[in-house]
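Asker: I'd like to go over a predicted model; first the sequence, then the structure.
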Amino acid sequence: MHLRRSSLAVFILAIFLTLTNLPVISVQADTNIQMEDVAVFHEFGGLVTFQGRILTDQDIQSVFLSIQPAGQSIRLVEITPSAQGEILVQMDSDLLALRAFTMVFFWFEITSGGGEKWTSDTYHFSYIDNRFDWETLEATNLQVNWHDRDRNFGQDILNVAQQALDTVPSLVQANIPNPVIIYVYRDPADLQSALSLVQQSWVAGHANPDLGIILLSIPDSPSQRMELERQIPHELMHLLLYQKTVDSYTSLPAWLKEGLASIAEFYPNPDYPRALDKAIHSNGLIPLNQLCSAFPSDASGAFLAYAQSASFVQYLYNQVGTPGVVNLLNAYDNGFGCEEGFKSTFGISLTDYEMRWRQESLGMDVAGLAWRNLGPYILIGLALLGFPLAVGIISIWKRRNQVPSEG
C-alpha cells in the first residue's frame, strides 16, 4: 500500500469513510509544487473521472497518476495537464477491474523540468453502486445498506446481522472483521450485474472477504426475513474463513467453504434433501474430490454441489466438532492439498470418509450400489474368461466319450 506523506490518522479515516464519493484533500507544505481541487467522480459500470490542478511556477516534465484499488496492484497512467496545470483523466471501470464498493486509492507523481520529483498525498474514493440511493444503519463493527424499502427492512437486516455476529464465529473460532459491511439489493439481476455474473442468474449472494463486504439480493416477499436469516450467516462465514486463513483462503476446498457457510445458516435449505434424494436414485451424486477446486457453473449442478457440501460438512461437524474442523482448516492453511489435508487431519482418506457419509447420513447401500454399477461388467469379464475354459472342457469330454469306429 502506497501512502505517501500521510499520517496514520488520515489513512484510518480513509478506510472508514466508505460511503463518500469525495477524496480526502490535502496540500503538501515546503515545496514548489502543490495540488488543489482534487476530486473523482464515477458512473458505476462506466467511466471514472479524476481531476485536479497543479500549482507550481516550475516547468513540468511528466505527470503520472497511480491508481490502486484495495487488495489489487497499482495501475500507472501517464497524463498531460493543460497549460494552466489542470488535470482531467477518464478511465473505464472495466479496465481498472474495479469491484463493487471497493475503496480505491490514488496519488500523483510529478517530475519538474529540473528533474525534481514530487509525490502528492494519497486520496481515495469508494466505488459504490451509485445506480441506487442507499440507506444506512450502523452498529458496533457493522454497517448495513439497502435501497427502495423502508427503515423497518433496514432494521431487520441489522438485527439478523448482529445475531449472526453473535453465533457464527464460534463454529470456526474466527475473529470478526472490523467492520462488516452489508449491501442488500432488491432485484437479483441488479446484484448479478454488479458482480458481472449476468450468466449465473441463480446467484443470490456474494462475499468479498478481503474487503469485509457482503452483497445480497432479497426480493420483496413474505419470506424475506427468512432469506436474510439464511443468506447473511452464509456470507458471513466466508468473511470469517478469510480472517482465519487469509492467503490460503482461495485454495480451501470449495466443498468445505460452501459446506461451512451452509451449516451456518439459521435455517437449512428445505430443497437440499430433495436434490440429494433425486441424485441418490439416479446415481448422480458428485464425488467430493471433484468439488475441491470449484462447483459446476450450471444452476442444477451448482445446487447439487451445495446440497452435498452442506450435508457432508454437517456430518463431519457432528463427528469431529469445532476442534476437528479447526484442525482441518489449519492443515489447509499449512499448504496441504484437498485430499492430503483431510487424510493428515483425520487419518482417513476423503473418499473413504465420503463412503461413510453416504452410508450413515444418506442411508445408501454403498456395497449394493457398487455391485449394481460394476456387476454387469464383472459378469461380462467372467464370461469372457470362462468361454475358452468351457470350450476346452467340452472338447475333452467329447474325446473321452467318443465311440471308437469299427475297422
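Answerer: Sure thing, it's come through.

Asker: does L260 belong to a helix or a strand, and which?
Answerer: If you go by DSSP states H and E, L260 is part of helix 254-264.

Asker: average model confidence for that helix?
Answerer: Mean per-residue pLDDT for helix 254-264: 97.

Asker: Need the contact partners of that helix.
Answerer: 164, 168, 171-172, 233-238, 241, 268-269, 272, 288, 291-295, 305-306, 308-310, 312-314, 316-317, 325, 328-329, 332 (Cβ atoms under 8 Å, 6 or more residues apart in numbering). In short, each C-beta sits where N, CA and C put it, glycine included.

Asker: Touching, S120 and W107? I think so.
Answerer: Yes. Using Cβ atoms under 8 Å, S120 makes contact with W107 at a distance of 5.0 Å.

Asker: follow-up on the earlier one: go ahead and build a ChimeraX selection from the buried members of the contacts of helix 254-264.
Answerer: A single ChimeraX command selects the buried members of those (16 or more other Cβ atoms under 10 Å):
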select :164,168,171,172,233,234,235,236,237,238,241,269,272,288,291,292,295,305,306,308,309,310,312,313,314,316,317,325,328,329,332
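
Asker: Among the contacts of helix 254-264, which are located in strands?
Answerer: Judged by DSSP state E, strands contain none of the contacts of helix 254-264.

Asker: Go through stretch 333-346 and flag the buried ones.
Answerer: In stretch 333-346, counting by 16+ other Cβ under 10 Å, buried: D333, F336, C338, G341, F342, K343, T345, F346.

Asker: Those residues in strands, which ones?
Answerer: Using DSSP E, no member of those falls within strands.

Asker: Now go through those and say which are in helices.
Answerer: Among the buried residues of stretch 333-346, the ones falling in helices (DSSP state H) are D333, C338, G341, F342, K343, T345, F346.

Asker: would CSV of these with pLDDT and distance to D150 be doable?
Answerer: Compiled in CSV, those are given as follows (pLDDT from 0 to 100; distance: Cβ to Cβ, whole Å):
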residue, pLDDT, distance to D150
D333, 95, 43
C338, 97, 46
G341, 98, 47
F342, 98, 47
K343, 98, 53
T345, 98, 48
F346, 98, 49
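
Asker: Residue ranges of each domain in this protein, please.
Answerer: Listed by automatic domain parsing, the domain ranges of the chain are 8-126, 132-251, 252-364, 374-400.

Asker: Worst mean pLDDT among those?
Answerer: When the domains of the chain are ranked by mean pLDDT, domain 374-400 comes last with a mean of 55.

Asker: Now do the contacts for A279.
Answerer: Contacts of A279 (Cβ under 8 Å, 6+ apart): L285, I286, L304, A307, Q308.

Asker: cool, and K117?
Answerer: With contact set as Cβ under 8 Å, 6+ apart, K117 has these partners: E109, I110, T111.

Asker: Am I right that the second one sits in a helix?
Answerer: No. Membership of I110 in a helix is not supported by DSSP: H, G, I helix; E, B strand; the rest coil, which gives strand.

Asker: ok, it - contacts?
Answerer: Here I110 is in contact with I33, I54, T56, I60, S62, V63, F64, K117, W118, T119, S120 (Cβ under 8 Å, 6+ apart).

Asker: would you list the residues you listed in CSV and tack on distance to L142 and secondary structure?
Answerer: Listed next are these as CSV, based on distance: Cβ to Cβ, whole Å; DSSP: H, G, I helix; E, B strand; the rest coil:
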residue, distance to L142, secondary structure
I33, 42, strand
I54, 41, strand
T56, 45, strand
I60, 46, strand
S62, 45, strand
V63, 41, strand
F64, 38, strand
K117, 43, strand
W118, 40, strand
T119, 36, strand
S120, 34, coil
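
Asker: between those, which has the most around it?
Answerer: Most neighbours among the contacts of I110, by other Cβ atoms under 10 Å: S120, with 24 neighbours.

Asker: Any figure for the gap between it and G52?
Answerer: Taking Cβ to Cβ, to the nearest Å as the measure, S120 falls 8 Å from G52.

Asker: any shared contact partners between these two?
Answerer: M35, V38, F108.

Asker: tell me what the helix or strand in which the first one is found is packed against?
Answerer: Take DSSP H and E as the rule and M35 turns out to sit in strand 33-42. Strand 33-42 is packed against strand 47-56, strand 103-112, strand 123-126, with contacts defined by 3 or more Cβ pairs under 8 Å, 6 or more residues apart in numbering; DSSP states H and E.

Asker: Quickly run through the sheet partners of the last one, with directions.
Answerer: Sheet neighbours of strand 123-126, with direction, are listed as strand 103-112 (antiparallel) (DSSP bridges).
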